[in-house]
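[1] Pasting a predicted model and its sequence here:
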Amino acid sequence: MLVSAPRFARYALIAAIVFTIIFVASRVPRLVHSHLYDLDYETYFQRQFQAYVLTSSCGRFTPDVAEHFDSLILVPNQPDTPECAALNRAELQLPVHPGADSNSNSNSESEGKSKSKDDLFRAKYAAVLDACAAGDKAKCLILEDDVVFLHSAPRTREVLVQNTIALFNDGEIDAFDCTKRGFGWFASTHTGMGSQCRVYSKYAAPCLAGCLRGQGPGVQLDTGLRNCQVVCGLKQRRFLLVVHGGLSSTMDRPGG
């Protein structure tokens, strides 16, 4: 049965439209993610990121964090413990806080004991930010030891890079909360709940460290981070890289 010319033309037009839609749809993701196409994630991560994990004595899920990041720096309260040594990772030596040294004078001991665990934990975080600022990597991933990873080690680094790579030059100093659902390219509200996974720029670290040390007595770390991100003029973005392990916090703060 022969198809009339007008009907054939309609079929051809419909086929052309369908083909165009399929072709464009297949190219849109590549166009949108063109800066990620064939990206060497491992090289980018090694050149850009330094990972830290805050822990009491390398317990909890610290071994999992070490498996995900070969260049991880451990930040334990007590240095050179067997548990930390078994992970074969570098350690950040924290400054001795007044009251933590049994040889301190009585005034220093009283000062140290008068500080809350939250004050001491903020001081520990500020010391990590100091190390970040003094380091040779542009971004610092700061984790706590009670996180559970959602992906394999290679995929974790891919998600981290995809959500923190700057689309424009003004995004280099943004702050990231990596325990919340979101898309790292879009700015979000400043998060004052949860500090288990954050990404900060070495260029913003000095301001954040100084601000954390200036927070009032008893201010919790996550609240302090929110306050200081505002003070330091940072934009916050969020994406989901890890989740909280679900256990109640047992992390001793320095001097605790």
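    All right, it came through fine. Predicted model only: the values in this text are computed from it and were never measured.

[2] ranges for the strands of the stretch 151-256 of the chain?
    Per DSSP state E, counting those that start in this stretch, the stretch 151-256 of the chain carries strands over the ranges 175-177, 187-188, 197-201, 236-238, 242-244.

[3] just those strands: most buried one?
    Using mean count of other Cβ atoms under 10 Å, the stretch among the strands of the stretch 151-256 of the chain with the largest mean neighbour count is strand 175-177, at a mean of 26. Heads up, the C-betas are built off the backbone N, CA and C, glycines and all.

[4] For that strand, what is the distance to the chain centroid?
    6 Å (Cα atoms, centre = their mean, to the nearest Å).

[5] what's C197 in contact with, if anything?
    Counting by Cβ atoms under 8 Å, 6 or more residues apart in numbering, C197 touches 141-144, 147, 177-179, 241-242.

[6] between those residues, which is nearest R89?
    L143 (12.6 Å; Cβ to Cβ).

[7] Just checking: what are the partner strands of the helix or strand harbouring the closest one?
    Assessed by DSSP states H and E, L143 sits inside strand 139-144. Partners of strand 139-144 in the sheet, by DSSP bridges, are strand 49-55 (parallel), strand 197-201 (antiparallel).

[8] Same list, those strands, but as a markdown table with distance to V230 and mean pLDDT please.
    Formatted as a markdown table, the strands paired with strand 139-144 follow (distance: least, Cβ to Cβ, whole Å; pLDDT from 0 to 100):
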| stretch | distance to V230 | mean pLDDT |
| --- | --- | --- |
| strand 49-55 | 23 | 96 |
| strand 197-201 | 14 | 94 |
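
[9] For D118, which of the ones you listed is the nearest?
    Per Cβ to Cβ, nearest to D118 of the strands paired with strand 139-144: strand 49-55, 13.6 Å.

[10] Specify the next element, helix or strand, located C-terminal of that closest one.
    Immediately after strand 49-55, counting by DSSP H and E, sits helix 62-68.

[11] Centre of the chain to that following helix, how far?
    Mean-position distance between helix 62-68 and its chain equals 15 Å (Cα atoms, centre = their mean).

[12] What helices and strands are in contact with that helix?
    strand 49-55, strand 147-149, helix 153-164 (3 or more Cβ pairs under 8 Å, 6 or more residues apart in numbering; DSSP states H and E).

[13] which of these sits most buried?
    Most buried of the helices and strands packed on helix 62-68, by mean neighbour count (mean count of other Cβ under 10 Å): strand 49-55, with a mean of 24.
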